[in-house]
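**Student:** Need a 3D model of the sequence below.
(2 chains)
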Amino acid sequence: MSAEGDEAIQRLIALMARLPGLGPRSARRAVLQLVKKKGALLLPLAEAMREVAETARECVNCGNIATRDLCEICADPKRRTGQICVVEDVADLWAMERAQVFRGRYHVLGGTLSALDAVGPEELRIPRLVERVREEEASEIILALAATIDGQTTAHYIADQLPGTSVTSLAQGVPVGGELDYLDDGTITAALKARRAL
Amino acid sequence: MTPGDQADPGPDDRSGARLRLEALLLSHFRSHRRVRLSFDGRPVALYGPNGAGKTNLIEAVSLLSPGRGMRRASAEDLSRRPEGLGWKIAAGTAGPDGTHEIETWAEPGQSRSVTLDGKAAPQVALGRVLRVLWLVPSMDRLWIEGAEGRRRFIDRAAMSFDPAHAEVALAYDKAMRERNRLLKDMVRDAAWYAALEGRMAQAGAALEAGRAAAIARLMAAQGAAETAFPAADLALEHPERLIEDEEALRAALAEGRPRDMAAGRALVGPHRSDLRAVWRAKGVAASDASTGEQKALLISLILANARALAQDLGAAPILLLDEVAAHLDAGRRAALYDEIAALGSQAFLTGTGAELFDTLGARAQYLEVTEAEGASVVEERPAP
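**Tutor:** Down below sits the predicted model:
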């Protein structure tokens, strides 16, 4: 192998090691595997990456990742239009989709309000959310945000921007299949406050 | 065994339920290169010359509770110099809920990590295993310096009763810092303020409620005890207006926005509350009492806190009393030792000479701390 080849492989390893979940050691193993399976893995991966690099963008409507202007969810006529689920990040949207229970549409904020990090409503697609509620005549906004100070501040801010619209948030409490013994005090307190009649 | 034996459990049985450190290992912690100690549950008297490393040792014990310890040091500062290799504290504890292994350490340039019984744990988890209260010389001026120290004092007491108080305090602080940034940046988005004020009001009301509950507990514990130390009447006060109700605090923050914007910070809220203490017997404000009396008042509050905790937990907390003995006359010193013994607390006391502990006698373990070749040396000694 030439010195140049070494350098290119080293560069690939260094790039792979910057991915979440990978360190230098696992990046080396992954690259080695890719090089060994050039036809089955490396070339298709390179091709797929190039394609995504050329086409990936944010959905103009909801902020989801898409390869066209509108993401698959926004373009899907079978999705209900009356409900919009607001999430912080695309990873949260994917988590909601994995559960296959929500059939409405999403709105990805791209973060939470944080004055200290200079993240204001304009940086968060909140104005776009307000427009969407009007355009799509949404009857319910479901806030699926983190149970942190920033997440809750953002939730209250959004509720304030949407007077006359029903704004709900995901429940906080005992996870499905969870045992009380393993829960922290804060979660038990939240669960008790959110108790319901059987 | 006679029925009389069962009715009167011996000292060994009582120590079985004591909250205590059984083993302590310090590695590259401040002046200590490597120290391994074992304890039997009795109070521990540490003596030796200034600068030998006595306070460093009890500071290590304070780091077995959540936070930055009794000196509020950064993880970096705790590392032994000049090596700066990072540090580690390992401890074995025992108490009413069984034994635990705690390890806490920091690598150079990193924040401190904690494991509890071999598993990574958040610092707040330590508060549920071990309760540690302390009195250090820097608190001697507590009643005459700024309100921040007194707030920290009452918040620590509230945390000792309810570890969740720490989370409430953090939530309030975070929401307030966010709002202060909006004020400084002259942001005029009313909804953003309202959202943050809602968080501040919720956490703030819980914060003041936790402090009020702690004050009630301390006052009750002082009143119920026969003690040689003066009792104090405690109350929360505020330079503007003390607000303990969530809705009222939310409204006051909203109303105060223009004034807060001019000031660049919130002017109402629990971050400005103060703890006021009046010496009950004399009706004198703590700040007007003599230096010795102020110290006695602090000891009284720490002992009251310990008694109230002992009632809650069925075991007295660990007490760290740094250079306390030196400031008391012989009568008060003997009274302090008697109260510690009656409480059944594993108190760690420091002093420059063994003679300071003469009335403690065989009720304590003794460790002499000296310095040799740039490192602290800790050796167990017989009772003086």
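**Student:** got the residue ranges for the helices in the stretch 101-250 of chain B?
**Tutor:** Taking DSSP state H, counting those that start in this stretch as the criterion, the stretch 101-250 of chain B carries its helices at B:126-129, B:147-161, B:164-184, B:190-224, B:246-255.
**Student:** Throw those helices into JSON lines and include mean pLDDT, distance to B:His28 and mean neighbour count, thanks.
**Tutor:** Where you see a C-beta, it was placed from the backbone N, CA and C, and this is true even at glycine. As requested, these are exported to JSON lines (pLDDT from 0 to 100; distance: least, C-beta to C-beta, whole Å; neighbours: other C-beta atoms under 10 Å in any protein chain shown):
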{"stretch": "helix B:126-129", "mean pLDDT": "87", "distance to B:His28": "21", "mean neighbour count": "20"}
{"stretch": "helix B:147-161", "mean pLDDT": "94", "distance to B:His28": "27", "mean neighbour count": "20"}
{"stretch": "helix B:164-184", "mean pLDDT": "94", "distance to B:His28": "28", "mean neighbour count": "20"}
{"stretch": "helix B:190-224", "mean pLDDT": "95", "distance to B:His28": "36", "mean neighbour count": "21"}
{"stretch": "helix B:246-255", "mean pLDDT": "97", "distance to B:His28": "46", "mean neighbour count": "17"}
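**Student:** Rebuild these as CSV, extending it with distance to chain A.
**Tutor:** As requested, these are arranged in CSV below (distance: least, C-beta to the nearest C-beta, whole Å):
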stretch, distance to chain A
helix B:126-129, 9
helix B:147-161, 13
helix B:164-184, 4
helix B:190-224, 4
helix B:246-255, 11
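**Student:** Distance check, the spatially closest residue to A:Thr153 that is not a sequence neighbour against A:Leu113.
**Tutor:** Spatial nearest neighbour of A:Thr153, excluding adjacent residues (C-beta to C-beta, 6 or more residues apart in numbering or on different chains): B:Ala195 at 4.5 Å. As defined by C-beta to C-beta, to the nearest Å, B:Ala195 lies at a distance of 7 Å from A:Leu113.
**Student:** so what's in contact with those two at the same time?
**Tutor:** Listed as contacting both B:Ala195 and A:Leu113 by C-beta atoms under 8 Å, 6 or more residues apart in numbering or on different chains are A:153-154, A:157.
**Student:** Just the closest of those to B:Leu46, please.
**Tutor:** Nearest to B:Leu46 among these, counting by C-beta to C-beta, is A:Thr153 at 47.2 Å.
**Student:** doesn't A:Ala115 make contact with that closest one?
**Tutor:** No: using C-beta atoms under 8 Å, A:Thr153 is not in contact with A:Ala115; the gap is 9.2 Å.
**Student:** Neighbour count for the two, which is higher?
**Tutor:** Between A:Thr153 and A:Ala115, counted using other C-beta atoms under 10 Å in any protein chain shown, A:Thr153 has the larger neighbour count: 27 against 23.
**Student:** so which strand or helix has that one?
**Tutor:** helix A:149-161 (DSSP states H and E).
**Student:** That helix - contacts with which helices or strands?
**Tutor:** With contacts defined as 3 or more C-beta pairs under 8 Å, 6 or more residues apart in numbering or on different chains; DSSP states H and E, the packing partners of helix A:149-161 are helix A:126-135, strand A:140-144, strand A:166-169, helix B:164-184, helix B:190-224.
**Student:** now what about that helix, what contacts it?
**Tutor:** A:86, A:88, A:109, A:112-114, A:121, A:124, A:126, A:129-130, A:141, A:143, A:145, A:167, A:169, B:171, B:174-175, B:178, B:191-192, B:194-196, B:198-199.
**Student:** That one vs helix B:190-224, what angle?
**Tutor:** Inter-element angle recorded for helix A:149-161 and helix B:190-224: 130 degrees (by axes from the mean of the first three to the mean of the last three C-alpha atoms, to 10 degrees).
**Student:** what about helix A:149-161, distance to the chain center?
**Tutor:** Mean C-alpha position of helix A:149-161 versus that of the full chain (C-alpha atoms, centre = their mean, to the nearest Å) differs by 18 Å.
**Student:** Repeat that for stretch B:293-304.
**Tutor:** 13 Å.
**Student:** how about the helices and strands packed on helix A:149-161 in CSV, adding distance to A:Val60?
**Tutor:** Listed next are the helices and strands packed on helix A:149-161 as CSV, based on distance: least, C-beta to C-beta, whole Å:
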stretch, distance to A:Val60
helix A:126-135, 9
strand A:140-144, 19
strand A:166-169, 24
helix B:164-184, 30
helix B:190-224, 25
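**Student:** Can you say which of those is nearest to A:Leu93?
**Tutor:** strand A:140-144 (8.8 Å).
**Student:** other SSEs contacting the helix or strand bottoming out on mean pLDDT in chain A?
**Tutor:** With mean pLDDT, DSSP states H and E as the measure, the helix or strand of chain A carrying the lowest mean pLDDT is helix A:3-16 (a mean of 82). If you count contacts as 3+ C-beta pairs under 8 Å, 6+ apart, helix A:3-16 packs onto helix A:24-36.
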